[in-house]
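J.: Here is my input, please return the structure:
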Amino acid sequence: MKLSGKVLSLLMAVLLTVSCSVGLSACGKEAASAYELVLITDGAPINDKGYNQSAWNGVKAYGDENNIAYRYYQPSLNEAGELTTETIATYIDLAAKGGAKTVVLPGEAFAVAAYEVAATYQDINFILVDAYPHAAGDSVTHFVPNVMCVTFDKLAAGYLAGYFSVSDGLKNADGTAARDFNTRLGYLGSMSSTAAVQYGTGFVQGAAAAADENSVPVILDYAEYDNPLLAYNYSFTVRPVYIPREEADKETFKVNVVGGLGSGVYTEGENVTVSAEPAPEGKVFDHWEVKSDTAGVKDKKVNISHKKRATMNLLVGDCDCTITAVYADASTVPVTVTAEDGITPYQVYNVQPDTIAFVTAPPAASGMVFDHWETNDEAAVESLTEKGTNVHVSNNAVTLMPVYAESEVPVFTVTVENGTGSGAYLTDEEITVVADPPQDGMMFYKWENVDANGNSAGIAMDNEYNYATTFKMVNRVAGIAEEMYDSGTQIIFGGGNPLSDSIFTATWSFDYPVYAYGSGIDESSKGNCFASVVNDYGAAVKLCLESFAGASILTGNCANGCIYITGKSVNKYQLDGNGNVVQDKEGNSVEDAAYSEAYQTVYNGLADGTIRPQVVPSAAQLLSKLDTDCLTVNYWITVPTAE
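T.: Sure thing, here's the model as predicted:
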């Protein structure tokens, strides 16, 4: 039967009215005209396998059990990838107009809105998870009458991670023990984070307890990446490795570049980038002249990609060759980049009028970073704050002097032996290194790099077998983690460190097993995850919904089941959704494969208070009074001595 347009429109209206999911929303067991329970995500979806999904699970569980309609909103982020207070206010108002009685806000992104916006909706209860209301630009907590906050016992979470980092040992793929105990641990946190102090000091105390109970000597490296006294050397050396030509696994050919870069000995089939040197005054690059240096092989066998481009590629093969940059007379304008003194020329670019020259500043000295350009023609310079920038050249000479400033964060000092590229660089800066041409009878083989302790610095070159290549400066937090792993550390925990993902990044640099211990959420999807200690947003949200109390704080802990370690259970037998023991067909209780007696003992001890980790304001104060026979802590700071 064919339906008329009017009937179809009516059907669609009915479907939209009763739909459980319209765009960015979902609802409970029964459709309703009002959604009493609303979750606003931090911009991520509710299936993010993180805090939004966890909080949503709590909303769903409570809504389904109490037959309350619920939904969620996923706000848009601004161009900077941030969730603004103005956007949150819009969605709170939308929830209010939709009949919301309770709004769940997961995470610090909502802390300002909980203070500035929530109070204007007195008829709505707000649950702020893992954060406290505060004004913009101010960390002082303000309790709001209709806002209930959730925090988590990070000291206990750290204790669990530390204890079982030691006692769980390591299993082989077949389940046999690779080692009974892990004896080299690391903690990498942030000095400026209260949460990191709690996680880190809890981790140390848990590791000490496990080491002492099992009489196992354990070493724990403790570092704070933002501690100005951190004893970590942010420097490494990059050097080219040359080998005799006869050791090459293919036929080799010698390339001689006159007036440019690219000279060397290469194997057949290599693709070599050849670049002309900057043109002298009154000249511009015109073309490449090629010549075969192998008797019986014609010049046309020299296979270059483009004769007229100052930077082109050579496909090596058939002959030794000489490639010469040829320059033509022209009217040019100098663009001069000076050294920091403003006098000594660093690089002069002679370009034709009404063209664009790309210039870059000399590498910074150790401990310094590029700040800005000073120039005689600001209008010509595209960006005064970028170390690499375009200069729009007219008929007037342009001079640029780089100005450097002391870096607020540690910088990596790179020394390039037998090549160019030395300097001081920040995390994520791109560095170009060029090897010097090899001596007669030798050829460039590859790049190698070593840190101050002789270990690989963990950088990933675009092509380590190319004489001219680039790499991105390593993440400095990952660099610290790599140093720990290089020294023999088996597991590193980063609870409370806002850059803890860097620890997982560091594990990828090793071809032998090293692990990160996850925190906050189940981080097993990141790979090389030993286990995770989880803050269960869903369980905490459900508790708040069951007993809401404005201007109060719920602490998620072991006593209320809001923190736990993945893959472990305190229950000897499986439980169903109502807390009853699951039985098989014969009426026997079904054992929980994740049950651990040791975990049950420690978990219950933290729950009932028989295990009480010390509360300390800093790691240094904990270490000064830590009572342990089997744990040795290496605190990675240099403590000044009194003169």
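
J.: C-alpha only now, for contacts and for neighbours.
T.: Noted.

J.: just the helices in this protein please.
T.: 5-18, 51-66, 85-97, 111-116, 154-167, 194-214, 476-486, 501-507, 537-546, 597-608, 619-624 (DSSP state H).

J.: Just give the closest residue to Asp341, not the sequence neighbours.
T.: Sequence neighbours aside, Met401 is the residue nearest to Asp341 in space, at 7.7 Å (criterion: C-alpha to C-alpha, 6 or more residues apart in numbering).

J.: if you compare the helices of the chain, which one is most tucked away?
T.: Comparing the helices of the chain by mean neighbour count (mean count of other C-alpha atoms under 10 Å), helix 154-167 ranks first with a mean of 27.

J.: neighbouring contacts of that helix?
T.: 180-183, 185, 195, 198-211, 218, 491, 493, 495, 517, 532-534, 557-558, 563-565, 602-603, 606, 613, 615 (C-alpha atoms under 8 Å, 6 or more residues apart in numbering).

J.: try 6 Å
T.: By C-alpha atoms under 6 Å, 6 or more residues apart in numbering, the list of residues contacting helix 154-167 from outside reads Phe181, Asn182, Gln198, Tyr199, Gly202, Phe203, Gly206, Ala207, Ala210.

J.: Out of those residues, flag the one nearest to Asn418.
T.: Nearest to Asn418, judged by C-alpha to C-alpha, of these is Asn182 at 42.1 Å.

J.: Kindly provide the distance from the closest one to Ile492.
T.: Note on Asn182: its distance to Ile492, by C-alpha to C-alpha, to the nearest Å, is 11 Å.

J.: more neighbours, these two?
T.: Ile492 (30 against 22; other C-alpha atoms under 10 Å).

J.: On the strand side of things, show who the more buried one bridges to.
T.: Gly186, Ala516 (DSSP bridges).

J.: List the contacts of Val104.
T.: Neighbours of Val104 in contact, by C-alpha under 6 Å, 6+ apart: Leu39, Phe126, Ile127.

J.: For the stretch 451-600 of the chain, which segments count as strands?
T.: For the stretch 451-600 of the chain, the strands defined by DSSP state E, counting those that start in this stretch cover 468-472, 491-493, 515-520, 529-535, 552-556, 563-565.

J.: Sheet-wise, list the partners of the longest one with their directions.
T.: Here the strand partners of strand 529-535, with direction, are listed using DSSP bridges: strand 515-520 (parallel), strand 563-565 (antiparallel).

J.: so which of these is the most packed in?
T.: strand 515-520 (a mean of 26).

J.: what angle sits between it and helix 154-167?
T.: 160 degrees (axes from the mean of the first three to the mean of the last three C-alpha atoms, to 10 degrees).

J.: now strand 515-520, how far from the chain's geometric center?
T.: Taking C-alpha atoms, centre = their mean, to the nearest Å, one finds strand 515-520 lying 14 Å from the centre of the chain it belongs to.

J.: avg pLDDT for it?
T.: Average pLDDT, strand 515-520: 98.

J.: returning to that earlier point: now, the most widely separated pair of the contacts of helix 154-167?
T.: Phe181 and Gln198 (24.1 Å).

J.: if we can go back for a sec, what's the closest of the strands of the stretch 451-600 of the chain to Thr84?
T.: Nearest to Thr84, of the strands of the stretch 451-600 of the chain and by C-alpha to C-alpha, is strand 515-520 at 23.4 Å.

J.: Thr413 and Ala452, how far apart?
T.: In terms of C-alpha to C-alpha, Thr413 sits 11 Å off from Ala452.

J.: go on, Val238?
T.: 11 Å.

J.: more crowded one of the two?
T.: Val238 (24 against 13).

J.: ok, the residue lying closest to that one once chain neighbours are set aside - contacts?
T.: Nearest non-adjacent residue to Val238, counting by C-alpha to C-alpha, 6+ apart: Asn449, 4.4 Å away. Listed by C-alpha under 6 Å, 6+ apart, the contact partners of Asn449 are Thr237, Val238, Ser456.

J.: export the strands of the stretch 451-600 of the chain to a markdown table and tack on distance to Ala161?
T.: Below are the strands of the stretch 451-600 of the chain laid out as a markdown table (distance: least, C-alpha to C-alpha, whole Å):
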| stretch | distance to Ala161 |
| --- | --- |
| strand 468-472 | 33 |
| strand 491-493 | 8 |
| strand 515-520 | 7 |
| strand 529-535 | 6 |
| strand 552-556 | 16 |
| strand 563-565 | 8 |
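
J.: Ile92: which of those is closest?
T.: Using C-alpha to C-alpha, the nearest of these to Ile92 is strand 552-556, at 20.7 Å.

J.: Parallel or antiparallel, which strands does that closest one pair with?
T.: In the sheet, strand 552-556 lines up with strand 147-152 (parallel) (DSSP bridges).

J.: and the strand it pairs with, how far out from the chain's middle?
T.: 27 Å.

J.: do stretch 540-556 as well
T.: That offset, for stretch 540-556, works out to 32 Å (C-alpha atoms, centre = their mean).

J.: Any idea how far apart the tips of that stretch sit?
T.: 6 Å.

J.: per-residue confidence averaged over it?
T.: Per-residue pLDDT over stretch 540-556 has a mean of 97.

J.: ok, and what's touching that stretch?
T.: 58, 62, 143-152, 562.

J.: In contact with Gly259, which residues are there?
T.: Neighbour list for Gly259: Glu277, Ala325 [criterion: C-alpha under 6 Å, 6+ apart].

J.: Please report phi then psi for it.
T.: phi 80, psi 30 (degrees, to the nearest 10).

J.: Please tell me how far it sits from Ala607.
T.: Counting by C-alpha to C-alpha, the gap from Gly259 to Ala607 is 74 Å.

J.: Also Val255?
T.: Taking C-alpha to C-alpha, one finds Val255 at 72 Å from Ala607.

J.: Check Tyr163 too.
T.: 15 Å.

J.: same question, Ala405
T.: Counting by C-alpha to C-alpha, the gap from Ala405 to Ala607 is 51 Å.

J.: Strands of the stretch 251-400 of the chain, residue ranges please.
T.: 252-258, 260-261, 264-267, 271-276, 283-292, 303-304, 311-315, 321-329, 333-338, 345-351, 355-360, 368-375, 388-393, 398-406.

J.: so how many other residues sit close to Ala379?
T.: Neighbours of Ala379 (other C-alpha under 10 Å): 11.

J.: which ones are touching it?
T.: Contacts of Ala379 (C-alpha under 6 Å, 6+ apart): none.

J.: mind redoing it with 10 Å?
T.: Val391, His392 (C-alpha atoms under 10 Å, 6 or more residues apart in numbering).

J.: same check, this time on Ala339
T.: Pro345, Tyr346, Gln347, Ala361, Pro362, Pro363, Leu400, Met401, Pro402, Val403.

J.: thinking again about what came up before, using ChimeraX, define a selection of the buried residues within the contacts of stretch 540-556.
T.: Selection of buried members from these for ChimeraX, criterion 16 or more other C-alpha atoms under 10 Å:
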select :58,62,143,144,146,147,148,149,150,151,152,562
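
J.: Which members of the contacts of stretch 540-556 are the farthest-apart pair?
T.: The widest separation within those (C-alpha to C-alpha) is 24.9 Å, between Tyr62 and Phe143.

J.: I'd like to know how many residues surround the residue lying closest to Tyr115 once chain neighbours are set aside.
T.: Leaving aside its chain neighbours, Tyr115 sits nearest to Pro133 (4.8 Å; criterion: C-alpha to C-alpha, 6+ apart). Using other C-alpha under 10 Å, the number of residues around Pro133 comes to 25.

J.: Give me the distance between Pro133 and Ala559.
T.: Applying C-alpha to C-alpha to Pro133 and Ala559 gives a distance of 25 Å.
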